[in-house]
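1. Next comes the sequence, and after it the predicted model I'd like to discuss.
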Amino acid sequence: MTYPQQLAELIEDFQSIEDRMERLEYVFDLASEVNELPTEQWNDITRIQGCQSEAHIRVDIDENNVNLFSGADSKLVQGLMGILTIAIDGQPLDIALSLTPEFAVEMGILNSLSPSRSNGFRNMFDKVMNELQEMK
Amino acid sequence: MTYPQQLAELIEDFQSIEDRMERLEYVFDLASEVNELPTEQWNDITRIQGCQSEAHIRVDIDENNVNLFSGADSKLVQGLMGILTIAIDGQPLDIALSLTPEFAVEMGILNSLSPSRSNGFRNMFDKVMNELQEMK
Amino acid sequence: MDMVIQDDFPILQRQVNGHRLIYLDNAATTQKPAVVIDAMNDYYTKHNANVHRAVHTLAGEATEGYEACRTSLKSWFNAERCILTSGTTEAINLAAHAWGHPQLKGRAIVLTEMEHHSDIVPWQMLAETFGNELRYVPVKPDLTLDMEALEASVEGAGLVCVVHTSNVLGVRNPIEDIIRIAHANGAKVLLDAAQGAPHCQINMAELGADMMALSAHKMCGPTGIGCLLVNEETFQEMKPFMGGGDMIETVTLEGSTYQTNEHRFEAGTPKIAEAIGWNAALSYLGELDLEKQHHRLLEIARHVANELRSMGMTVYGRHDDGDSSVVSFLHPTLHSEDFAHLLDACGVAVRTGHHCAQPLLHRLGISGTLRASFYIYNTMQDAEEFLTHVRAILERFA
Amino acid sequence: MDMVIQDDFPILQRQVNGHRLIYLDNAATTQKPAVVIDAMNDYYTKHNANVHRAVHTLAGEATEGYEACRTSLKSWFNAERCILTSGTTEAINLAAHAWGHPQLKGRAIVLTEMEHHSDIVPWQMLAETFGNELRYVPVKPDLTLDMEALEASVEGAGLVCVVHTSNVLGVRNPIEDIIRIAHANGAKVLLDAAQGAPHCQINMAELGADMMALSAHKMCGPTGIGCLLVNEETFQEMKPFMGGGDMIETVTLEGSTYQTNEHRFEAGTPKIAEAIGWNAALSYLGELDLEKQHHRLLEIARHVANELRSMGMTVYGRHDDGDSSVVSFLHPTLHSEDFAHLLDACGVAVRTGHHCAQPLLHRLGISGTLRASFYIYNTMQDAEEFLTHVRAILERFA
Ligand SMILES: Cc1ncc(COP(=O)(O)O)c(C=O)c1O
Ligand SMILES: Cc1ncc(COP(=O)(O)O)c(C=O)c1O
């Protein structure tokens, strides 16, 4: 699969990091990449189920491009949101929809995460994709 | 411990039998040694608790000698009663009371029996001894 | 092929009273293949941790192992919901409390005389509290359920509880018909599949059963675990039974809210190693041709039943095609306990007694039977040796 | 000595994320020594059979193994009656149904804010059915129970339920006083000893507790088994809870009669392998000097608590002499889940979340903590390495 350039670079970046802690540090840093969803807008509709911490996400379509707004009280979770933001925010809807969670496997990020966190990532990914699907 | 002669002989007999099935056959044969307690007299007081089959026993004292009446629907259990009959029936009370279940171990009979049956034997022995104790 | 299966079960190497162990007490519990024992060892030596709501690696692995058992059970039985319990008995008690209490108010419950105590006593207890009428379907002289009586008694009933396969007779009941009749009358059906599940692959959705209870230990799995399988509709009607641990969503001093998935009914630290062992047992059984095994074992049971009859014994069973390989029998004079004891002296394990089915035995006019029950690791050679011992015992002791 | 204990636990050889496993999630569940794993293997490879009412050798051995666990538990805890359950949670639910239903009609139940959900939800459920008043004893800012409030609330109550040792704070409650006060007011006492039992040898008769619940898996035993210990008087007041299997004496269509010993409350095939494993765990613990271990672990906990405080963390615990070696803590900014995740990346297993004690956390004004809990195989070196990882994480991530 070919990825949008920003994402391809990110995958490469992650692949080049050997150390698990460094990889996690990088995820933490990416928390700042999200378009913040203000906590006032957090509600049952924006909530990602199955996350052990509060994690919220909203998608919009702006002229056929995807806009992703998100936030979490866990910085690690918000870092994962940052990765998803880089992957699909601003992309055309069909490009975004063609993405599979495989990219996170390729990044080596899923196996740096405990099962509960990587489930959380999958839930987040699925929620976004389901909502995008409905907007098609 | 020294045993009454009849019992000593029985112990020797059993010790000389190598084969488990033969030993069991001998126990079966000893079922006829009991002084039968007629089934009409079987009741909650005569019942041996913890036996999986019906097993009943009654003790009397006749001129300071022990009389044992017993019966069971299992021939194996009644055979064990036969052994106990040989061991204490007609013996003076204090001789009978000095007996411990060790004699059955010496006979090699307890380890020819499954745990449930050897428990049954112990219950039978205890019931008899408790009742004799009370008659003292 | 037979030899291969036997080699998978370490306990079959054991000597009992100087003889090779011939284990014919499979309806009580089955032996465990090495893969099941190893799976639990592997858990305890590499992954042991408490499940759910934890971040660390071991806890994640334990959770995955535990939940994988649920997934396997759902797909093995084609079931919508799977609640892990400590066994069939707890599963039926769960059904009585969680579904029965709220749903059976004022409605009759249909049971059969062929039920195991575990499928009678919980309903008697429920009826004692709520006054439900209990209706028992009689067993006919041909050892089948009186289907006319069943049809008559189902009217107005809320639930029919029936044993898939009898643990005493091996008779497999016509559950397809029973489910059809029950549903046509607006009653749900609970299957006691403790004996059925080990012998054939039961498709719950296809059968249309509403609830189904079974135990791991009767199908090569460990002790201490079983399940209640439930269809979605029934699941949604169930109220929490036991409280505490992981089944809650929130707890305040004023009250609690509960999880919405199966965890709602699994209070406390669950049976983790057991679930992992059971899952390994399912994989093991999945690699066998269970149907072929069923036929092979049924042939053995038929042979044994015929031979025992020819020695003058009464056999309680018919061994039709769907029946399990259980042979219940009685000798006219030799006491069953003595018989079993003498067999044990020859290394043969059979069971005696009422097999927790006193109403059935009462109907048969007896208080117990000897029962030889066969499972996948038993061979025709086991059967022949068993029969040889039986003949020798009768010669010497009867 | 420390090294010797560690060597007994095969899982401690494991690497997690490239690091040596430092397992500090012992309040959730403990690891198992090889002797426990071996005892269960031995059972499954040599003795496996269903227990009770059977003649054959394996069944006799299995029954002896199962009952030996009960005997050991009775003598370990100096208890009159021991009912084997699937864990603490089921034990408390059993207490609520079997004793509570008949005995607590119209009477209040005293709980504490320090209780685990497993000692709250069953009583809330009981109260929902029977309308009992639930009175909660508050936890004071010094993390102890408000004993004046307890004394006031015990009046007219039928039962006081109290956790022997808190799974969040490690605080050991003044149960001697509580039992005295309760009994003086005619109330019985149920102790949740899930956390107490692993850390000290509790003498139930000496304490005078009426019921006591605990789990094997928190004291080196297997999953899937626990017990409710009961004194004779309370035992005689209990009504059967779950029905089926071995708990009956007779079953007829009209009704059933029940066994009079502990089997009365153990419906269905019991947790046989688990009982054998637990018994092996008791033997193992019995060979250690538990009191010495307790002091050693408490020293470790105090050291860790002090160091964490000095790094700016809030520690919820006091670590007095009788307390257990649990250290609950929070960092002012770093999210606990993230913290635990980062520790896991270093091979350290700690738990986060509400620890099934939401009312306590609510009282403390927080929604969760990180919890490091130590057990017999943990060493000061584990603690130092843990602290080193904590410092490194704070440097990079906080
Ligand atoms: C104090 C306390 N009570 C009860 C429990 C519940 O024990 P289990 O989950 O083994 O039933 C626990 C363990 O989580 C506990 O720490
Ligand atoms: C038909 C049937 N139902 C229920 C049970 C009870 O199963 P468990 O003892 O595993 O709860 C058994 C096994 O004894 C059985 O054979």
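-> Done, it's in. Ligands and ions are numbered 1, 2, ... in the order given.
2. gap between residue C:181 and residue C:148?
-> Going from residue C:181 to residue C:148 by C-beta to C-beta, to the nearest Å gives 10 Å. Any C-beta I mention is one placed from the backbone N, CA and C, and that applies to glycine too.
3. Give me the more crowded residue out of these two.
-> A direct count of neighbours by other C-beta atoms under 10 Å in any protein chain shown for residue C:181 and residue C:148 places residue C:181 higher, at 18 against 11.
4. which SSE is that one in?
-> helix C:175-184 (DSSP states H and E).
5. mind listing the strands for the stretch 201-350 of chain C?
-> Under the criterion DSSP state E, counting those that start in this stretch, the stretch 201-350 of chain C contains strands at C:211-215, C:226-230, C:248-251, C:256-258, C:314-316, C:326-330, C:348-349.
6. Select, out of those, the one closest to residue A:112.
-> strand C:248-251 (29.6 Å; C-beta to C-beta).
7. on contacts alone, who are the packing partners of the closest one?
-> When contacts are defined as 3 or more C-beta pairs under 8 Å, 6 or more residues apart in numbering or on different chains; DSSP states H and E, strand C:248-251 sits against strand C:256-258, helix D:358-364.
8. most tightly surrounded among the ones you listed?
-> When you average the neighbours per residue for each of the helices and strands packed on strand C:248-251 (mean count of other C-beta atoms under 10 Å in any protein chain shown), helix D:358-364 leads with a mean of 20.
9. now the angle from whichever helix or strand comes after it to strand D:326-330?
-> Downstream of helix D:358-364, the first helix or strand assigned by DSSP H and E is strand D:369-373. If you take axes from the mean of the first three to the mean of the last three C-alpha atoms, to 10 degrees, strand D:369-373 sits at 150 degrees to strand D:326-330.
10. hmm, who's touching strand D:369-373?
-> The contact list for strand D:369-373 (C-beta atoms under 8 Å, 6 or more residues apart in numbering or on different chains) reads D:24-28, D:168, D:170, D:304, D:316, D:324-331, D:336, D:339-340, D:350-352, D:355, D:361, D:386.
11. So is that strand next to ligand 1?
-> No: Strand D:369-373 stays out of contact with ligand 1 when judged by C-beta under 6 Å from any ligand atom, the minimum separation being 9.7 Å.
12. where does the closest residue to residue C:131 other than its chain neighbours land in three-state SS?
-> Computed as C-beta to C-beta, 6 or more residues apart in numbering or on different chains, the closest residue to residue C:131 that is not its neighbour in sequence is residue C:106, at 7.7 Å. Of the three states, residue C:106 takes coil under DSSP: H, G, I helix; E, B strand; the rest coil.
13. what's the burial count for residue C:106?
-> Neighbours of residue C:106 under the rule other C-beta under 10 Å: 10.
14. ok, it - contacts?
-> Contacts of residue C:106 by C-beta under 8 Å, 6+ apart are C:130, C:131, C:132.
15. same thing with residue C:259?
-> By C-beta under 8 Å, 6+ apart, the neighbours of residue C:259 are C:246, C:247, C:248, C:249.
16. Buried members of the residues you listed into ChimeraX, please.
-> With 16 or more other C-beta atoms under 10 Å in any protein chain shown as the criterion, this ChimeraX line picks the buried residues out of those:
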select /C:246,247,248
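17. check whether the helix holding residue C:181 contacts ligand 2.
-> No: Helix C:175-184 lies apart from ligand 2 when judged by C-beta under 6 Å from any ligand atom; the minimum separation is 13.0 Å.
18. Downstream of that helix, the next helix or strand is which one?
-> As assigned by DSSP H and E, the chain's next helix or strand after helix C:175-184 is strand C:188-192.
19. which other helices and strands contact whichever helix or strand comes after that following strand?
-> Next along the chain after strand C:188-192, taking DSSP H and E as the criterion, comes helix C:196-199. Counting contacts by 3+ C-beta pairs under 8 Å, 6+ apart, helix C:196-199 packs against helix C:290-310.
20. The helix it packs on: how far from the chain's middle?
-> Here the centre of helix C:290-310 is set off from its chain's centre by 20 Å, with C-alpha atoms, centre = their mean, to the nearest Å.
21. how far off strand C:326-330 does it point, in degrees?
-> 10 degrees.
22. any idea which element the spatially most central residue of chain A lies in?
-> Residue closest to the mean C-alpha point of chain A, counted by C-alpha atoms, centre = their mean, is residue A:84 at 2.5 Å. Using DSSP H and E, residue A:84 falls within helix A:75-88.
23. got the buried residues for the helix or strand following that helix?
-> For helix A:75-88, the succeeding helix or strand toward the C-terminus, using DSSP H and E, is helix A:93-97. Neighbour-count burial for helix A:93-97 flags A:93, A:96, A:97 (criterion: 16+ other C-beta under 10 Å).
24. Show the secondary-structure elements that helix A:93-97 is packed against.
-> By 3+ C-beta pairs under 8 Å, 6+ apart, helix A:93-97 packs against strand A:65-72, helix A:75-88, helix A:115-135.
25. Dump these to CSV, plus mean pLDDT and distance to residue D:38.
-> Listed next are the helices and strands packed on helix A:93-97 as CSV, based on pLDDT from 0 to 100; distance: least, C-beta to C-beta, whole Å:
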stretch, mean pLDDT, distance to residue D:38
strand A:65-72, 95, 45
helix A:75-88, 94, 40
helix A:115-135, 86, 29
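26. between these, which one is nearest to ligand 1?
-> Of all the helices and strands packed on helix A:93-97, the one in closest proximity to ligand 1, counting by C-beta to the nearest ligand atom, is helix A:115-135 (17.9 Å).
27. looking at it, residue C:397 is touching residue C:338, isn't it?
-> Yes: here residue C:397 lies in contact with residue C:338, judged by C-beta atoms under 8 Å, at a distance of 7.2 Å.
28. between those two, what contacts are shared?
-> Shared contacts of residue C:397 and residue C:338, defined by C-beta under 8 Å, 6+ apart, comprise B:28, B:75.
29. Out of the contacts of residue C:106, which comes closest to chain D?
-> Proximity of the contacts of residue C:106 to chain D (C-beta to the nearest C-beta) peaks at residue C:130, which lies at 12.1 Å.
30. Look at that closest one and say how many residues are nearby.
-> Neighbours around residue C:130, by other C-beta under 10 Å: 14.
31. near ligand 1, which residues of chain A?
-> Checking chain A against ligand 1 by C-beta under 6 Å from any ligand atom, there are no hits.
32. no wait, chain C
-> By C-beta under 6 Å from any ligand atom, the residues of chain C that approach ligand 1 are C:245, C:268, C:269.
33. Where is pLDDT lowest across the contacts of residue C:259?
-> Within the contacts of residue C:259, residue C:246 has the lowest pLDDT, namely 80.
34. overlap between the contacts of strand D:369-373 and the residues near chain A?
-> Applying C-beta under 8 Å from any C-beta of the partner chain to the contacts of strand D:369-373, one finds that residue D:352 fall near chain A.
35. one step back: can you give me the angle the helix holding residue C:181 makes with strand C:188-192?
-> Using the same axes, to 10 degrees: helix C:175-184 against strand C:188-192 is 150 degrees.
36. tell me the average confidence for helix C:175-184?
-> If you average the pLDDT values across helix C:175-184, you get 98.
37. which helices and strands sit right next to that helix?
-> Using 3+ C-beta pairs under 8 Å, 6+ apart: helix C:175-184 touches helix C:147-153, strand C:157-163, strand C:188-192, helix C:204-207.
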